[in-house]
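Chemist: Have a look at this prediction, sequence included:
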Amino acid sequence: MPIRSEVFGTRADGSPVELYTLTNAAGLEARVMTYGGTLVSLRVPDRAGRFGDVVLGFDNLRPYLAKHPYFGSLIGRYANRIAGGRFTLDGRQYALPCNDGPNHLHGGPHGLHTVMWRAHAEDDASAQLVLSYCSHDGEEGYPGNLDVEVRYTLTDANELRLDYKAATDAPTVVNLTNHAYFNLAGQGTILEHVLQVHASRYVPLDPKRIPLGVLAPVAGTPFDFTTPQRLAARIHDAHEQLRIGPGYDHCWVLDKRAGEMTVAAELVDPASGRVMSVRTTQPGLQVYSGNFLDGTLRGKGGVAYPTHAGMCLETQHLPDSPNQQAFPSTRLASGDVFQHTTIYGFITRS
(Lines give C-alpha, C1' and ligand atoms only; values in the text may rest on other atoms or scores of the structure.)
Protein backbone atom coordinates (compact mmCIF):
# COMPACT_ATOMS: atom_id res chain seq x y z
CA MET A 1 0.00 0.00 0.00
CA PRO A 2 1.28 3.49 -0.79
CA ILE A 3 3.10 5.57 1.81
CA ARG A 4 4.59 8.96 1.07
CA SER A 5 6.67 11.27 3.23
CA GLU A 6 7.39 14.98 3.26
CA VAL A 7 8.87 17.56 5.59
CA PHE A 8 6.10 19.02 7.77
CA GLY A 9 8.33 21.75 9.22
CA THR A 10 11.41 22.29 11.32
CA ARG A 11 11.97 22.56 15.06
CA ALA A 12 13.76 25.44 16.78
CA ASP A 13 17.10 23.65 16.37
CA GLY A 14 16.53 23.36 12.63
CA SER A 15 15.86 19.61 12.64
CA PRO A 16 13.15 18.51 10.21
CA VAL A 17 9.88 16.87 11.26
CA GLU A 18 8.65 14.29 8.77
CA LEU A 19 5.00 13.72 7.91
CA TYR A 20 3.98 10.29 6.60
CA THR A 21 0.75 9.73 4.68
CA LEU A 22 -0.76 6.24 4.71
CA THR A 23 -3.54 5.40 2.24
CA ASN A 24 -5.58 2.22 1.80
CA ALA A 25 -7.35 0.77 -1.25
CA ALA A 26 -10.64 2.49 -0.33
CA GLY A 27 -9.01 5.92 -0.12
CA LEU A 28 -8.85 6.24 3.66
CA GLU A 29 -5.90 8.39 4.66
CA ALA A 30 -3.95 8.72 7.90
CA ARG A 31 -1.15 11.27 8.35
CA VAL A 32 1.39 10.76 11.16
CA MET A 33 4.37 12.97 12.03
CA THR A 34 7.58 12.06 13.78
CA TYR A 35 7.23 14.79 16.42
CA GLY A 36 5.28 13.18 19.25
CA GLY A 37 4.33 10.26 17.00
CA THR A 38 1.28 12.40 16.33
CA LEU A 39 -1.79 11.39 14.32
CA VAL A 40 -2.24 14.66 12.43
CA SER A 41 -5.28 13.72 10.35
CA LEU A 42 -7.55 10.80 9.56
CA ARG A 43 -9.84 11.06 6.54
CA VAL A 44 -12.78 8.65 6.30
CA PRO A 45 -16.01 8.71 4.23
CA ASP A 46 -19.52 9.57 5.37
CA ARG A 47 -22.64 7.72 4.20
CA ALA A 48 -22.60 9.66 0.92
CA GLY A 49 -18.98 8.74 0.27
CA ARG A 50 -17.65 12.21 1.09
CA PHE A 51 -14.29 12.09 2.87
CA GLY A 52 -13.69 14.21 5.95
CA ASP A 53 -11.03 14.58 8.64
CA VAL A 54 -12.32 13.13 11.92
CA VAL A 55 -9.51 14.11 14.32
CA LEU A 56 -8.71 17.51 15.79
CA GLY A 57 -5.34 19.14 15.20
CA PHE A 58 -3.50 21.80 13.23
CA ASP A 59 -2.58 22.47 9.61
CA ASN A 60 1.11 23.06 10.30
CA LEU A 61 3.85 22.15 12.75
CA ARG A 62 4.21 25.38 14.70
CA PRO A 63 1.18 25.03 17.05
CA TYR A 64 2.12 21.41 17.77
CA LEU A 65 5.48 22.65 19.07
CA ALA A 66 3.67 24.96 21.52
CA LYS A 67 1.65 23.69 24.44
CA HIS A 68 -1.56 22.01 23.25
CA PRO A 69 -3.96 19.43 24.70
CA TYR A 70 -2.12 16.38 23.29
CA PHE A 71 -3.92 16.47 19.90
CA GLY A 72 -3.22 13.05 18.34
CA SER A 73 -0.07 12.48 20.42
CA LEU A 74 1.48 9.24 21.59
CA ILE A 75 1.40 9.31 25.39
CA GLY A 76 3.86 7.84 27.90
CA ARG A 77 5.74 6.70 29.75
CA TYR A 78 2.59 6.75 31.85
CA ALA A 79 -0.73 7.83 30.38
CA ASN A 80 -3.19 9.52 32.73
CA ARG A 81 -2.38 10.76 36.24
CA ILE A 82 0.00 9.67 38.98
CA ALA A 83 -0.94 11.17 42.34
CA GLY A 84 1.54 13.66 43.76
CA GLY A 85 4.03 12.79 41.04
CA ARG A 86 5.33 9.93 43.18
CA PHE A 87 5.28 6.14 43.22
CA THR A 88 7.19 3.38 44.96
CA LEU A 89 8.63 0.47 43.01
CA ASP A 90 10.51 -2.41 44.62
CA GLY A 91 10.90 -0.40 47.82
CA ARG A 92 12.31 2.72 46.17
CA GLN A 93 10.35 5.96 45.74
CA TYR A 94 10.51 7.86 42.48
CA ALA A 95 9.61 11.53 42.00
CA LEU A 96 8.13 12.75 38.72
CA PRO A 97 7.44 16.32 37.55
CA CYS A 98 3.94 17.56 38.38
CA ASN A 99 2.35 19.17 35.34
CA ASP A 100 -1.33 18.89 36.33
CA GLY A 101 -1.63 20.77 39.60
CA PRO A 102 -0.30 18.40 42.27
CA ASN A 103 -0.19 15.44 39.89
CA HIS A 104 1.95 13.98 37.12
CA LEU A 105 0.02 13.74 33.84
CA HIS A 106 0.70 11.85 30.60
CA GLY A 107 4.39 11.23 31.21
CA GLY A 108 5.21 14.77 32.29
CA PRO A 109 5.84 18.02 30.40
CA HIS A 110 8.52 16.34 28.28
CA GLY A 111 6.81 12.99 27.82
CA LEU A 112 6.67 10.93 24.64
CA HIS A 113 4.32 13.49 23.09
CA THR A 114 7.25 15.93 22.80
CA VAL A 115 10.03 13.68 21.49
CA MET A 116 11.29 12.95 17.99
CA TRP A 117 10.50 9.39 16.96
CA ARG A 118 12.56 7.44 14.45
CA ALA A 119 10.37 6.36 11.53
CA HIS A 120 10.48 3.40 9.17
CA ALA A 121 7.79 2.97 6.53
CA GLU A 122 6.78 -0.49 5.35
CA ASP A 123 4.87 -0.62 2.05
CA ASP A 124 3.58 -4.17 2.01
CA ALA A 125 0.14 -5.79 2.23
CA SER A 126 -0.94 -2.86 4.40
CA ALA A 127 0.38 0.66 4.82
CA GLN A 128 2.56 0.54 7.95
CA LEU A 129 4.65 3.13 9.76
CA VAL A 130 6.94 1.94 12.55
CA LEU A 131 7.99 4.56 15.11
CA SER A 132 10.66 3.91 17.73
CA TYR A 133 12.21 5.82 20.62
CA CYS A 134 14.54 5.07 23.53
CA SER A 135 13.49 6.79 26.76
CA HIS A 136 16.64 6.88 28.86
CA ASP A 137 16.93 6.00 32.53
CA GLY A 138 15.80 8.98 34.60
CA GLU A 139 13.90 10.67 31.76
CA GLU A 140 10.99 12.55 33.42
CA GLY A 141 11.95 10.69 36.60
CA TYR A 142 11.23 7.14 35.40
CA PRO A 143 13.69 4.32 36.07
CA GLY A 144 15.23 2.11 33.40
CA ASN A 145 16.08 2.56 29.75
CA LEU A 146 12.82 1.93 27.90
CA ASP A 147 12.78 1.01 24.22
CA VAL A 148 9.37 1.84 22.74
CA GLU A 149 7.95 0.89 19.36
CA VAL A 150 4.55 1.94 18.00
CA ARG A 151 3.35 0.61 14.67
CA TYR A 152 0.59 2.47 12.80
CA THR A 153 -1.16 0.28 10.21
CA LEU A 154 -3.94 1.37 7.85
CA THR A 155 -5.68 -1.76 6.58
CA ASP A 156 -7.97 -2.40 3.62
CA ALA A 157 -10.66 -3.29 6.18
CA ASN A 158 -10.82 0.47 6.91
CA GLU A 159 -9.05 0.09 10.23
CA LEU A 160 -6.32 2.16 11.83
CA ARG A 161 -4.34 -0.26 13.99
CA LEU A 162 -1.83 0.75 16.66
CA ASP A 163 0.54 -1.89 18.02
CA TYR A 164 2.49 -0.83 21.10
CA LYS A 165 5.63 -2.59 22.31
CA ALA A 166 8.10 -1.66 25.06
CA ALA A 167 11.01 -3.33 26.84
CA THR A 168 13.22 -2.15 29.71
CA ASP A 169 16.61 -2.97 31.20
CA ALA A 170 15.39 -2.31 34.76
CA PRO A 171 12.02 -2.48 36.53
CA THR A 172 9.76 0.46 35.66
CA VAL A 173 6.09 1.34 35.11
CA VAL A 174 4.56 1.70 31.65
CA ASN A 175 1.17 2.82 30.33
CA LEU A 176 1.04 3.85 26.65
CA THR A 177 -1.83 5.24 24.56
CA ASN A 178 -2.78 7.66 21.81
CA HIS A 179 -4.60 10.92 22.62
CA ALA A 180 -6.54 11.57 19.40
CA TYR A 181 -9.63 13.76 19.70
CA PHE A 182 -12.36 12.34 17.45
CA ASN A 183 -15.24 14.26 15.93
CA LEU A 184 -16.99 12.04 13.40
CA ALA A 185 -18.98 15.00 12.08
CA GLY A 186 -15.73 16.78 11.27
CA GLN A 187 -16.94 20.02 12.84
CA GLY A 188 -19.00 21.41 15.72
CA THR A 189 -19.19 19.36 18.92
CA ILE A 190 -19.57 15.69 19.79
CA LEU A 191 -22.70 16.25 21.92
CA GLU A 192 -24.99 14.64 19.32
CA HIS A 193 -22.68 11.64 18.97
CA VAL A 194 -23.94 8.34 20.36
CA LEU A 195 -21.54 6.34 22.54
CA GLN A 196 -21.54 2.75 23.75
CA VAL A 197 -18.87 1.43 26.13
CA HIS A 198 -18.65 -2.27 26.99
CA ALA A 199 -17.92 -1.75 30.67
CA SER A 200 -20.05 -2.27 33.77
CA ARG A 201 -17.63 -0.45 36.10
CA TYR A 202 -15.69 2.81 36.06
CA VAL A 203 -13.06 4.55 38.21
CA PRO A 204 -14.53 7.36 40.37
CA LEU A 205 -12.22 10.26 41.19
CA ASP A 206 -11.51 12.66 44.03
CA PRO A 207 -11.65 16.44 43.38
CA LYS A 208 -7.99 16.33 42.19
CA ARG A 209 -9.01 13.72 39.57
CA ILE A 210 -7.16 10.91 41.35
CA PRO A 211 -8.87 7.51 41.76
CA LEU A 212 -10.66 6.90 45.05
CA GLY A 213 -9.32 3.34 44.93
CA VAL A 214 -12.62 1.62 44.18
CA LEU A 215 -14.33 0.43 41.02
CA ALA A 216 -17.93 1.64 40.94
CA PRO A 217 -20.85 0.14 38.99
CA VAL A 218 -22.15 2.26 36.13
CA ALA A 219 -25.72 1.00 36.55
CA GLY A 220 -28.14 3.77 37.47
CA THR A 221 -25.61 6.55 36.75
CA PRO A 222 -24.82 8.81 33.76
CA PHE A 223 -21.73 6.60 33.31
CA ASP A 224 -23.89 3.73 32.04
CA PHE A 225 -23.12 3.42 28.34
CA THR A 226 -23.67 -0.34 28.20
CA THR A 227 -26.36 0.56 25.68
CA PRO A 228 -25.91 3.38 23.10
CA GLN A 229 -26.55 6.83 24.59
CA ARG A 230 -26.48 10.33 23.12
CA LEU A 231 -23.79 12.40 24.86
CA ALA A 232 -25.99 15.50 25.20
CA ALA A 233 -28.57 13.53 27.16
CA ARG A 234 -26.10 12.65 29.94
CA ILE A 235 -23.09 14.92 30.05
CA HIS A 236 -24.90 17.75 31.89
CA ASP A 237 -26.29 15.50 34.62
CA ALA A 238 -25.84 16.80 38.18
CA HIS A 239 -23.88 13.68 39.20
CA GLU A 240 -20.97 14.57 41.51
CA GLN A 241 -18.41 12.82 39.28
CA LEU A 242 -19.45 14.83 36.23
CA ARG A 243 -18.88 18.04 38.19
CA ILE A 244 -15.31 16.90 38.92
CA GLY A 245 -14.60 16.41 35.19
CA PRO A 246 -16.25 18.76 34.48
CA GLY A 247 -17.86 16.32 32.08
CA TYR A 248 -16.42 12.92 31.25
CA ASP A 249 -12.75 12.47 32.10
CA HIS A 250 -12.91 8.99 33.59
CA CYS A 251 -11.61 5.50 33.00
CA TRP A 252 -14.04 2.65 32.32
CA VAL A 253 -12.99 -0.89 33.31
CA LEU A 254 -13.70 -3.03 30.27
CA ASP A 255 -15.68 -6.25 30.64
CA LYS A 256 -12.98 -8.60 29.38
CA ARG A 257 -10.23 -10.99 30.36
CA ALA A 258 -6.68 -9.69 30.70
CA GLY A 259 -5.03 -9.33 27.31
CA GLU A 260 -8.14 -10.33 25.36
CA MET A 261 -8.90 -8.40 22.17
CA THR A 262 -12.51 -7.20 22.40
CA VAL A 263 -14.73 -4.33 21.32
CA ALA A 264 -14.35 -1.61 23.95
CA ALA A 265 -16.59 1.08 22.49
CA GLU A 266 -18.55 2.33 19.52
CA LEU A 267 -19.01 5.99 18.60
CA VAL A 268 -21.66 7.06 16.09
CA ASP A 269 -22.40 10.39 14.41
CA PRO A 270 -26.01 10.05 13.22
CA ALA A 271 -25.76 13.11 10.95
CA SER A 272 -22.89 11.83 8.79
CA GLY A 273 -23.50 8.12 9.29
CA ARG A 274 -19.90 7.58 10.37
CA VAL A 275 -19.37 4.80 12.92
CA MET A 276 -16.10 4.14 14.74
CA SER A 277 -15.50 0.97 16.73
CA VAL A 278 -12.62 0.65 19.21
CA ARG A 279 -11.12 -2.79 19.82
CA THR A 280 -8.27 -3.32 22.24
CA THR A 281 -6.27 -5.70 24.41
CA GLN A 282 -5.98 -3.00 27.09
CA PRO A 283 -7.99 -3.29 30.36
CA GLY A 284 -9.37 0.26 30.45
CA LEU A 285 -10.80 3.05 28.33
CA GLN A 286 -10.36 6.69 29.32
CA VAL A 287 -13.25 8.73 27.96
CA TYR A 288 -12.51 12.45 27.78
CA SER A 289 -15.17 14.76 26.37
CA GLY A 290 -12.95 17.75 25.56
CA ASN A 291 -14.04 19.61 28.69
CA PHE A 292 -11.18 22.11 28.72
CA LEU A 293 -11.38 23.17 25.10
CA ASP A 294 -12.81 26.69 25.24
CA GLY A 295 -12.63 28.17 21.75
CA THR A 296 -9.25 29.84 22.22
CA LEU A 297 -7.40 27.20 20.19
CA ARG A 298 -7.82 27.49 16.43
CA GLY A 299 -7.29 24.27 14.57
CA LYS A 300 -7.43 23.14 10.98
CA GLY A 301 -8.71 25.78 8.63
CA GLY A 302 -8.50 28.35 11.43
CA VAL A 303 -11.66 26.96 13.04
CA ALA A 304 -11.96 27.54 16.80
CA TYR A 305 -12.37 24.40 18.90
CA PRO A 306 -15.20 24.95 21.42
CA THR A 307 -15.87 22.92 24.55
CA HIS A 308 -16.66 19.29 23.59
CA ALA A 309 -15.27 19.77 20.06
CA GLY A 310 -13.79 16.27 20.24
CA MET A 311 -13.85 13.07 22.25
CA CYS A 312 -10.84 10.99 23.30
CA LEU A 313 -11.24 7.24 23.64
CA GLU A 314 -7.86 6.34 25.12
CA THR A 315 -7.24 2.63 25.58
CA GLN A 316 -4.93 2.16 28.54
CA HIS A 317 -4.31 0.76 32.02
CA LEU A 318 -6.09 2.36 34.94
CA PRO A 319 -4.94 5.77 36.24
CA ASP A 320 -2.52 6.00 39.17
CA SER A 321 -2.07 2.22 39.16
CA PRO A 322 1.47 2.42 40.65
CA ASN A 323 -0.17 3.83 43.82
CA GLN A 324 -3.34 1.69 43.71
CA GLN A 325 -2.72 -1.82 45.01
CA ALA A 326 -6.20 -2.99 44.00
CA PHE A 327 -5.64 -2.05 40.32
CA PRO A 328 -3.86 -4.28 37.78
CA SER A 329 -0.10 -3.77 37.93
CA THR A 330 1.70 -1.62 35.36
CA ARG A 331 5.14 -2.85 36.47
CA LEU A 332 7.41 -3.92 33.64
CA ALA A 333 10.41 -6.03 34.56
CA SER A 334 13.64 -6.44 32.65
CA GLY A 335 13.15 -9.28 30.17
CA ASP A 336 9.38 -8.78 29.93
CA VAL A 337 7.63 -7.01 27.07
CA PHE A 338 4.76 -4.54 27.24
CA GLN A 339 2.61 -5.39 24.23
CA HIS A 340 -0.89 -4.13 23.43
CA THR A 341 -2.99 -3.44 20.35
CA THR A 342 -5.80 -0.99 19.65
CA ILE A 343 -7.84 -0.91 16.43
CA TYR A 344 -10.10 1.93 15.30
CA GLY A 345 -12.52 0.59 12.67
CA PHE A 346 -14.76 2.70 10.41
CA ILE A 347 -18.05 1.93 8.66
CA THR A 348 -21.12 3.98 7.70
CA ARG A 349 -24.80 3.54 8.43
CA SER A 350 -27.78 4.91 6.57
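Modeler: Done, it's in. Predicted model only: the values in this text are computed from it and were never measured.
Chemist: give the contact list for Gly107.
Modeler: Counting by Cβ atoms under 8 Å, 6 or more residues apart in numbering, Gly107 touches Ile75, Gly76, Arg77, Tyr78, Ala79, His113, Glu140. For the C-beta atoms, the positions are set from N, CA and C on the backbone; glycine is no exception.
Chemist: Which secondary structure state is assigned to it?
Modeler: Counting by DSSP: H, G, I helix; E, B strand; the rest coil, the backbone at Gly107 sits in coil.
Chemist: let's number from 664 now, not from 1
Modeler: Got it, first residue is 664 now, which makes that one Gly770.
Chemist: Check what pLDDT it gets.
Modeler: Here, the pLDDT recorded for Gly770 equals 98.
Chemist: Same question for Ser1013.
Modeler: So, for Ser1013, pLDDT stands at 89.
Chemist: and the closest residue to it other than its chain neighbours, how many neighbours does it have?
Modeler: Once flanking residues are discounted, Ser1013 sits nearest to Arg710: 5.9 Å by Cβ to Cβ, 6 or more residues apart in numbering. As a burial measure, Arg710 scores 15 neighbours (other Cβ atoms under 10 Å).
Chemist: May I have the secondary structure class of the closest residue to Arg897 other than its chain neighbours?
Modeler: For Arg897, ignoring the flanking residues on the chain, the nearest one in space by Cβ to Cβ, 6+ apart is Pro885 at 4.2 Å. Following three-state DSSP, we place Pro885 in the coil state.
Chemist: one step back: who wins for neighbours among the contacts of Gly770?
Modeler: That'd be Tyr741 among the contacts of Gly770, by other Cβ under 10 Å, with 31 neighbours.
Chemist: Okay, and the beta partners of that residue?
Modeler: On DSSP bridges, the residues paired with Tyr741 through beta bridges are Asn838.
Chemist: tell me the contacts of it?
Modeler: Counting by Cβ under 8 Å, 6+ apart, Tyr741 touches His767, His769, Gly770, Tyr805, Val836, Val837, Asn838, Pro985, Thr993.
Chemist: what does Asp763 give?
Modeler: Going by Cβ under 8 Å, 6+ apart, Asp763 touches Arg744, Arg872.
Chemist: returning to that earlier point: will you turn the contacts of Gly770 into TSV that also has distance to Thr684?
Modeler: Converted to TSV, the contacts of Gly770 look like this (distance: Cβ to Cβ, whole Å):
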residue	distance to Thr684
Ile738	22
Gly739	24
Arg740	28
Tyr741	30
Ala742	26
His776	21
Glu803	31
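Chemist: ok, those residues vs Val793, which is closest?
Modeler: Of all the contacts of Gly770, Val793 sits closest to Gly739, with 16.3 Å by Cβ to Cβ.
Chemist: Tell me how far that closest one lies from Phe845.
Modeler: Remark: distance between Gly739 and Phe845 (Cβ to Cβ, to the nearest Å) = 20 Å.
Chemist: cool, Ser668 as well?
Modeler: Ser668 is 25 Å from Phe845, by Cβ to Cβ.
Chemist: quick one: which of the two has more around it?
Modeler: Phe845 (22 against 14).
Chemist: name the helices or strands packed onto the helix or strand encompassing Thr816?
Modeler: Using DSSP states H and E, Thr816 falls within strand 809-817. Packing partners of strand 809-817 (3 or more Cβ pairs under 8 Å, 6 or more residues apart in numbering; DSSP states H and E): strand 679-686, strand 692-696, strand 790-798, strand 822-831.
Chemist: Of those, which stretch is the most buried?
Modeler: When you average the neighbours per residue for each of the helices and strands packed on strand 809-817 (mean count of other Cβ atoms under 10 Å), strand 692-696 leads with a mean of 24.
Chemist: Would you mind identifying the next helix or strand past that strand?
Modeler: Counting by DSSP H and E, what follows strand 692-696 is strand 701-708.
Chemist: Give me the contact list for whichever helix or strand comes after that next one.
Modeler: Next helix or strand after strand 701-708 toward the C-terminus (DSSP H and E): strand 714-716. Contacts to strand 714-716, defined as Cβ under 8 Å, 6+ apart, come from residues Gly690, Glu692, Ser704, Leu705, Arg706, Val707, Pro708, Asp709, Gly849, Ser935, Lys963.
Chemist: And stretch 776-794, by the same measure?
Modeler: 664-666, 668, 674, 678, 680-681, 683, 685-687, 693, 695, 697-701, 733, 736-738, 769-770, 795-796, 798, 812-819, 842.
Chemist: And stretch 814-831, end to end?
Modeler: Terminal residues of stretch 814-831 are spaced 18 Å apart (Cα to Cα, to the nearest Å).
Chemist: And stretch 816-836, by the same measure?
Modeler: End-to-end span of stretch 816-836 (Cα to Cα): 26 Å.
Chemist: between the contacts of Gly770, which is nearest Arg897?
Modeler: Nearest to Arg897 among those, with distances taken as Cβ to Cβ, is Ala742, at 24.4 Å.
Chemist: residues in contact with that closest one?
Modeler: Ala742 is in contact with His769, Gly770, Asn838, Leu839, Thr840, His842, Gln949, Glu977, Gln979, His980, counting by Cβ under 8 Å, 6+ apart.
Chemist: what's the longest strand in this protein?
Modeler: Using DSSP state E, we find that the single longest strand of the chain is strand 1000-1011.
Chemist: What is that one packed up against?
Modeler: Packed against strand 1000-1011, as judged by 3+ Cβ pairs under 8 Å, 6+ apart, are the following elements: strand 822-831, strand 937-943.
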